[in-house]
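*Asks:* Kindly generate the corresponding structure for this input.
(one chain, ligands or ions: 1)
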Amino acid sequence: MQPNGVSHARDTFDFLLNAPALFNAVATALETGVFDFLAEHPGSTRAEIGNAVGINDHQMRVLLQAVCCTGLLDKEADRYRNSTIAEEELLGSGTDSWRRILPGWRAIYYPAFARLTDALRTGTNTALDAFPGTEPTLYQRIKHDPDKERIFHDAMSAFSERSVGALVQRQEFADVKHLLDVGGGDGMTARHLVDRHPDLTVTIFDLPSVTAIARAATHNERISVRPGDLFGDEFPRGVDAVLFSHVLEVFAERDILTLLRKAFAVLPPGGKIISYHHHVSDDERSGLYSARLSLYLTALATGEGMAYPVADYVRWLHEVGCDDVTSVAGLPYEHAVVVGTKPSRPLPRSRSCAI
Ligand SMILES: C[S@@+](CC[C@H](N)C(=O)[O-])C[C@H]1O[C@@H](n2cnc3c(N)ncnc32)[C@H](O)[C@@H]1O
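*Replies:* Model prediction:
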């Protein structure tokens, strides 16, 4: 290996081993306002930052040293300033801000990874034990803790919003009149879609406690909600496209096929199934965000699912009877969109599907 390769691998290894602690240092610096203060007062001393954010000098020293190691703060003599990447990524206060995402990752996702060995050995999402209730998935169980449910959906919605632009601009939505957004969460995607496509109406289908969040967050007569269970309830009819945004990936293949067949059944000929999701590379060697997602699904959320490679979605859409299946991979944050169309004429018996 080249000397650079060795050094890169060594740096990555050193960073990796210390990353959980450093992640928390950065989340705390964001939460306590260190980055905001330095945006307003670049070149401040440790004492000035500590006074502003209400942290004692020794503790401030520890925090600032840790955050400097991550490259998010620069220090010259005894003065600190935000690095370029901190300015670009951490200062925004929009609905897709990392300050909305990191609290959810810290409080809900990351504690679960300590249970990974157990989850892999037992084949179940053992980290779900930390949540009250008996339901088999985090999505169903989290309603018992409304504070955590809010943090969870805030983080999920904000992180999804960072990649929603690549979805809503797809030309496939241009011809759609009524879209069913299955597992549409707090309605973020629906709101972006109707803003972009003036003739589009969206029905969000999700669990009752989640459609209540969507209803409260959405004030647009072209968006309605339908509470229900993905597997226990029928999908609404009268739609000409069905969207699964970050939904199929949370389940195992058999459940994905069930959901795709349900979608196929409610569509008219020519109707579209659109999946938007994280994906690992085809050779399953890369994809940092995708790896994190797959591990979280395995240890906590469902005990199933992963950021499947795109070829899997293409195969599944063909399997349920779609033709004209197209895909675009490599979208922001390791996303892909895969679209299948319900044929206008019935398929030969061997390729048709029964529900
Ligand atoms: C990963 S989130 C995706 C949310 C949103 N579509 C997005 O892109 O951010 C999965 C969604 O599926 C919903 N969901 C999970 N299991 C469900 C079930 N059994 N019935 C109805 N909705 C469910 C969750 O409540 C959640 O809103």
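
*Asks:* Can you tell me how far the closest residue to residue 137 other than its chain neighbours is from residue 176?
*Replies:* Spatial nearest neighbour of residue 137, excluding adjacent residues (Cβ to Cβ, 6 or more residues apart in numbering): residue 302 at 4.7 Å. Glycine gets a C-beta too; all of them are placed from N, C-alpha and C. Taking Cβ to Cβ, to the nearest Å as the measure, residue 302 falls 29 Å from residue 176.

*Asks:* who in this structure is up against the ligand?
*Replies:* Selection of the chain residues close to the ligand by Cβ under 6 Å from any ligand atom yields 137, 139-140, 156-157, 160, 183-185, 189, 206-207, 210, 229-231, 245-247, 250.

*Asks:* repeat that with 8 Å
*Replies:* Taking Cβ under 8 Å from any ligand atom as the contact definition, the chain meets the ligand at 137, 139-140, 153, 156-157, 159-161, 164, 181-186, 188-189, 205-207, 210, 228-233, 244-247, 249-250, 276, 301-302.

*Asks:* In contact with residue 293, which residues?
*Replies:* 249, 278, 306-307 (Cβ atoms under 8 Å, 6 or more residues apart in numbering).

*Asks:* Which of those residues fall in strands?
*Replies:* residue 278 (DSSP state E).

*Asks:* circling back to that earlier point, now which of the residues of the chain next to the ligand would you call buried?
*Replies:* Among the residues of the chain next to the ligand, those classed as buried by 16 or more other Cβ atoms under 10 Å are 137, 139-140, 153, 156-157, 159-161, 164, 181-186, 188-189, 205-207, 210, 228, 230, 244-247, 249-250, 276, 301-302.

*Asks:* In this protein, what residue spans correspond to strands?
*Replies:* With DSSP E as the criterion, the chain has strands spanning 73-76, 79-82, 178-182, 201-206, 223-227, 241-245, 272-278, 323-331, 335-341.

*Asks:* for the stretch 1-150 of the chain, what are the low-confidence residue spans?
*Replies:* Where the stretch 1-150 of the chain drops to pLDDT under 70, the residues are 1-6.

*Asks:* Smallest distance to the ligand belongs to which residue of it?
*Replies:* Closest residue of the stretch 1-150 of the chain to the ligand, Cβ to the nearest ligand atom: residue 139 (3.5 Å).

*Asks:* Who are the contact partners of residue 340?
*Replies:* 272-273, 317-318, 320, 322-325.

*Asks:* and if we set it to 6 Å?
*Replies:* 273, 317, 322, 325 (Cβ atoms under 6 Å, 6 or more residues apart in numbering).

*Asks:* And residue 331, by the same measure?
*Replies:* residue 166.

*Asks:* One more pass at 8 Å, please.
*Replies:* Contacts of residue 331 by Cβ under 8 Å, 6+ apart are 163, 166-167, 337.

*Asks:* I'd like the list of the residues you listed that fall within helices, please.
*Replies:* 166-167 (DSSP state H).

*Asks:* Which of the contacts of residue 340 sits closest to residue 101?
*Replies:* Closest approach between the contacts of residue 340 and residue 101, by Cβ to Cβ: residue 273, at 28.2 Å.

*Asks:* Test my guess that residue 156 contacts residue 187.
*Replies:* No. Here residue 156 does not reach residue 187: they are 12.0 Å apart, not a contact under Cβ atoms under 8 Å.

*Asks:* who touches residue 205 in this structure?
*Replies:* Going by Cβ under 8 Å, 6+ apart, residue 205 touches 180-184, 211, 225-228, 230, 235-236.

*Asks:* swap in residue 124?
*Replies:* residue 303.

*Asks:* what's the spacing between it and residue 118?
*Replies:* Distance from residue 124 to residue 118, by Cβ to Cβ: 9 Å.

*Asks:* Also residue 82?
*Replies:* 39 Å.

*Asks:* Kindly report the same for residue 341.
*Replies:* 43 Å.

*Asks:* Repeat that for residue 302.
*Replies:* Residue 302 is 16 Å from residue 118, by Cβ to Cβ.

*Asks:* Equivalent analysis for residue 71, please.
*Replies:* 34 Å.

*Asks:* got it, and residue 277?
*Replies:* Distance of residue 277 to residue 118, given as Cβ to Cβ: 27 Å.

*Asks:* next one: residue 176
*Replies:* 44 Å.

*Asks:* So if I had to pick from those two, which one is more boxed in?
*Replies:* residue 176 (21 against 14; other Cβ atoms under 10 Å).

*Asks:* Show me the helices in the stretch 101-250 of the chain, by range?
*Replies:* Ranges of helices in the stretch 101-250 of the chain, per DSSP state H, counting those that start in this stretch, are 110-112, 116-122, 138-141, 146-161, 164-168, 188-196, 208-217.

*Asks:* Next, give phi and psi for the closest residue to residue 48 other than its chain neighbours.
*Replies:* Excluding the flanking residues, the one nearest residue 48 by Cβ to Cβ, 6+ apart is residue 41, at 6.8 Å. When read as degrees, to the nearest 10, the backbone of residue 41 gives phi -130, psi 70.

*Asks:* In the longest helix along the chain, which residues are buried?
*Replies:* In the chain, taking DSSP H as the definition, the longest helix is helix 3-32. Within helix 3-32, the residues that count as buried by 16+ other Cβ under 10 Å are 25-30, 32.

*Asks:* quick one on the thing from earlier: you'd agree the residue nearest to residue 48 is up against residue 52?
*Replies:* Yes. Counting by Cβ under 8 Å, residue 41 touches residue 52, with 7.5 Å between them.

*Asks:* Of the two, which one has the most company?
*Replies:* residue 52 (17 against 14).
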